[in-house]
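Student: need a structure here:
(one chain, ligands or ions: 4)
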Amino acid sequence: ATRWGRGPKGLDFDAVAPNRADAVSVPDGYEPQVVIRWGDPVLEGAPEFDPENQTPESQAGQFGYNNDYTALLDHPDDRRKKVLVCNHEYTTESSMLPDYDEAAPTEDQIRIGLAAHGLSVVTVEEDRRTGALTPVVGDGLNRRITAETPFVISGPAAGSDLLKTTADAEGATALGTLNNCAGGTTPWGTILSGEENFNQYFANFATMTDADQKAKLARYGFSGGASARKWEQYDPRFDLEQEPNEPNRFGWIVELDPYDPEWAPRKRTALGRFKHEGAGPRLARDGRVVVYMGDDERFDYMYKFVSKEKMKSGSSRRAREHNRKLLDEGTLYVARFTGDSPAAEIDGTGALPSDGRFDGSGEWIKLASGTTSYVDGFSAEEVYVWTRQAADKVGATKMDRPEDVEPSPKTGKVYVALTNNTNRGTGSNAKADEANPRNANKHGQILELTERRDDPTSLTFGWNLLLVCGDPAAADTYFGGFPKDQVSPISCPDNVAFDPYGNLWISTDGNALGSNDGLFAVALEGRHRGLTKQFLTVPIGAETCGPVVQEKHILVAAQHPGELSGASYDNPLSQWPDGPGSIPRPSVVNVTTDRFGSIGC
Ligand code: FEO
Ligand code: CA
Ligand code: CA
Ligand code: CA
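Tutor: Ligands and ions are numbered 1, 2, ... in the order given. Prediction:
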C-alpha cells in the first residue's frame, strides 16, 4: 500500500528511500538481475573476464566499459530472444587495469581503453517464467563497435575539407566513436547514439599551430597539453598538432543498424556537431521524422532536425534502405525560449512568478537545410561542423545543460532534462530566465514542450517547467503542482523514458542531495500530475543510465559504480556486482516483478 492509494497505472509501487548502499535497491515485490557486466564475453571465442590478464583482443570481444544508453529490441526471428544494444561512454583505466601508470600507459593498456569504448549489440534469451535475460554469446547479431571501427561519414558535410585528415584524404571514413552517452531508437529500428565529451581524447591543444582551428575548438571545451589517456602516444590522430581536423570527425549523432551487421555505422552530419547527449525521434503526421537533441554543456542549446523525405513503412529491404537515408537530408533548428512573466519576477531563487508557473512560448530557428545555410557568415558545411558557433550567432537560448530530449509516444509533448548549471548567474555568465529560473542551479529541472498544433515540424511551441528538482522541503522546488510532502526527492535529471501508460521516467546523474542516483517515475496527467516516486537506486558512486521502461522489464545501465574520490584498481570503493574482494563493474540490470507481471500496476 502507498500513501497515494493505488496511484495512476505504472506508479503503483512502494517508493525506494534515498540511500548510500552499494547495491541496486528496488521496491518490495521486485527483483533486480544483472544481465551483463563490463568484460563479459559478447563475441564467439571471447574469454571470460580476467582483469589481471586483460588484453586488447579480449576486450574487443567483451562487453565494454561504462554502459550508458540501452535499448531492448525485438529479435528478428525468435520470440524468446531480444536484442540488447548499449553504449560504452568512457573508460577509467586507473580503476580497470592493474599496474596502470597514468603518465606512461603501455600500448596494450591504451588499446584496451580504445576497445572498451563504443557500443555492444548482444542477443539475450528471456526466461518466460521469471523474465531473466541471459546473453547468447556468439549470436550472429552480436557486435562490438570500438574506438577503431570504421564509420561512414554521411550527409551534407561528408567530404568537406573540414573533415579531411592524413589518413582519410576524402573526409569519408572516421575510425571509431567516442563518449557515446545517451541515444534513441528510430521508428525504422536503428539505434542513434550521441558522441558527447569528445574533446577529452585529443592532445596538444595548447601548442597547436592552426590558429583558426584552435579558436574554433576552444568553443567545444578543448584545452591543455597531453590527454588524460595518452592515446596520442599510440595513434597520432589524437595529436592536434599533427591532425588538427581529426576532432571534427567526432561530436556527431551516429546511426547503427542492429539487425544488419554488414551495414557500416554512419556519422550523420545533417544533425549537427556538438556534445550530443542523445536523440529523440518522433514521426510527423505526414511521415517525416523529427529528431530532438540536447547539447550537454552549461549555457548550450537544444536542437531539432526535420527530415526532407518521409518514412516508408513495412520491413521490405527497399523500405529499410530508404529509411536509412532519412537522416542525411533535412533541416536543422535551434530553440529560443521566451518566458511569459515579467523578467523582474524571475529573481534567480526559483520563487514562482505571480502567474504561478514557469512557462512561455518559443521558436525553432533555422540553421541549415541541405547545402543551404541560414546563418550569416557560415556556409552550410560550417553550420554542421561548427554548430555551436552558428547557434551563438542566431541568439539561441542558453540552457542549464540539456541532456535527454524525448517526445512522449502517447502525447507528443517533448520532455527536456536540464541537469544542473552551477555557473548560472555567476560572474559575467547568463542570469536566471524563466526556463532556467535558478542561479547556481545544483539540481536541475524538467521542461515540457508542446509543439504548435501538436505538429513536431512546427516552428513555434509552448513550454512549462514540469519539475524544478531538489529537496521537496526546499522553497525553490516545484513538482507540477502536486503536494510536495508526498513526492520523492530528485536531483540532476539526465535520461528520460516513458512507460506504456504515458508516465515519464527519469534517471539521475550526480545527485546533489548526497544520496545515490536512481530512477524515478513521474505522473503527467490528471490529479496526479507531478507525483514523483523513486523506483530504484544504483550502487554507490554510480549514475543511472539507460533506462528502458517496458510493461514487464525495466533496464538500467549502472555506470561507473565506485567512482568516488580516491578510487583505483587497488582501492575499489564499490564491490558491485561481484561482491567482496572484487573490483566494480559497470553493468546492465533488469528489474521485473517477482512473478514477471506488469510493472507498477
Ligand atoms: Fe554523458 Fe550528458 O551525460
Ligand atoms: Ca547522460
Ligand atoms: Ca509564467
Ligand atoms: Ca549527465
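Student: Close to ligand 1: what parts of the stretch 101-250 of the chain are there?
Tutor: Within the stretch 101-250 of the chain, the residues that sit near ligand 1 (CB under 6 Å from any ligand atom) are Cys181, Glu196. Backbone N, C-alpha and C define where each C-beta goes, glycine included.
Student: Smallest gap between the stretch 101-250 of the chain and ligand 3, at which residue?
Tutor: Ala182 (29.1 Å; CB to the ion).
Student: how close does the closest residue in space to that residue that isn't next to it in sequence sit to ligand 1?
Tutor: Excluding the flanking residues, the one nearest Ala182 by CB to CB, 6 or more residues apart in numbering is Gly278, at 3.0 Å. Distance, Gly278 to ligand 1, using CB to the nearest ligand atom, to the nearest Å: 8 Å.
Student: Equivalent analysis for Leu327, please.
Tutor: Taken as CB to the nearest ligand atom, the span from Leu327 to ligand 1 is 21 Å.
Student: Give me the number of neighbouring residues for that residue.
Tutor: Neighbours of Leu327 under the rule other CB atoms under 10 Å: 26.
Student: does it really touch Pro187, like I thought?
Tutor: No: counting by CB atoms under 8 Å, Leu327 stays clear of Pro187, with 11.8 Å between them.
Student: what residues are shared contacts of these two?
Tutor: Taking CB atoms under 8 Å, 6 or more residues apart in numbering as the contact rule, the neighbours common to Leu327 and Pro187 are Val289.
Student: hang on, the earlier thing: does the residue of the stretch 101-250 of the chain closest to ligand 3 fall in a helix, a strand, or a coil region?
Tutor: At Ala182 the chain is in strand, as set by DSSP: H, G, I helix; E, B strand; the rest coil.
Student: is it true that it touches Ala497?
Tutor: No: with contacts counted by CB under 8 Å, Ala182 stays clear of Ala497, the gap being 10.2 Å.
Student: out of these two, which sits in the busier spot?
Tutor: Ala182 (32 against 25).
Student: Near whichever residue of the chain sits closest to ligand 4, how many other residues are there?
Tutor: Residue nearest to ligand 4 within the chain (CB to the ion): Asp509, separated by 3.7 Å. When neighbours are counted by other CB under 10 Å, Asp509 registers 23.
Student: gap between it and ligand 2?
Tutor: Relative to ligand 2, Asp509 is positioned 6 Å away (CB to the ion, to the nearest Å).
Student: which ones are touching whatever residue of the chain ends up closest to ligand 3?
Tutor: At 3.7 Å from ligand 3, Ser341 is the closest residue in the chain, using CB to the ion. Counting by CB under 8 Å, 6+ apart, Ser341 touches Pro353, Ser354, Asp355, Phe358, Asp359, Gly360, Glu434.
Student: can you do 7 Å?
Tutor: Listed by CB atoms under 7 Å, 6 or more residues apart in numbering, the contact partners of Ser341 are Pro353, Ser354, Asp355, Glu434.
Student: Just the closest of these to Val26, please.
Tutor: Nearest to Val26 among those: Glu434, at 37.0 Å, using CB to CB.
Student: Report the separation between the nearest residue to that closest one once chain neighbours are set aside and ligand 2.
Tutor: Nearest non-adjacent residue to Glu434, counting by CB to CB, 6+ apart: Gly339, 2.6 Å away. As judged by CB to the ion, Gly339 and ligand 2 stand 27 Å apart.
Student: State the pLDDT value of Gly339.
Tutor: pLDDT for Gly339: 98.
Student: so it makes contact with Arg357?
Tutor: No: the pair Gly339 / Arg357 is not scored as a contact, 9.8 Å apart, by CB atoms under 7 Å.
Student: Those two: which is more packed in?
Tutor: Gly339 (22 against 16).
Student: beta partners of the more buried one?
Tutor: In this structure, Gly339 bridges to Gly360 when assessed by DSSP bridges.
Student: residue contacts, it?
Tutor: Counted by CB under 7 Å, 6+ apart, Gly339 has contacts Ile346, Gly360, Asp433, Glu434, Ala435.
Student: Would you check that the third one makes contact with Ile346?
Tutor: Going back to what we said before, that points to Asp433. Yes: counting by CB under 7 Å, Asp433 does reach Ile346; the two are 6.2 Å apart.
Student: ok, back up a step: what do Gly339 and Arg357 both touch?
Tutor: Common neighbours of Gly339 and Arg357 (CB under 7 Å, 6+ apart) do not exist.
Student: re earlier: check the contacts of Ser341 against ligand 2 and report the nearest one.
Tutor: Glu434 (24.9 Å).
Student: and the closest one, what does it touch?
Tutor: Glu434 makes contact with Gly339, Ser341, Ile346, Phe358, Gly360 under the criterion CB under 7 Å, 6+ apart.
Student: How about Leu332?
Tutor: Ala270, Leu271, Gly272, Tyr303, Phe305, Leu367, Ala368.
Student: same thing with Pro135?
Tutor: Ile36, Asp40, Val122, Val124.
Student: Does it have any beta-bridge partners, and if so which?
Tutor: Val124.
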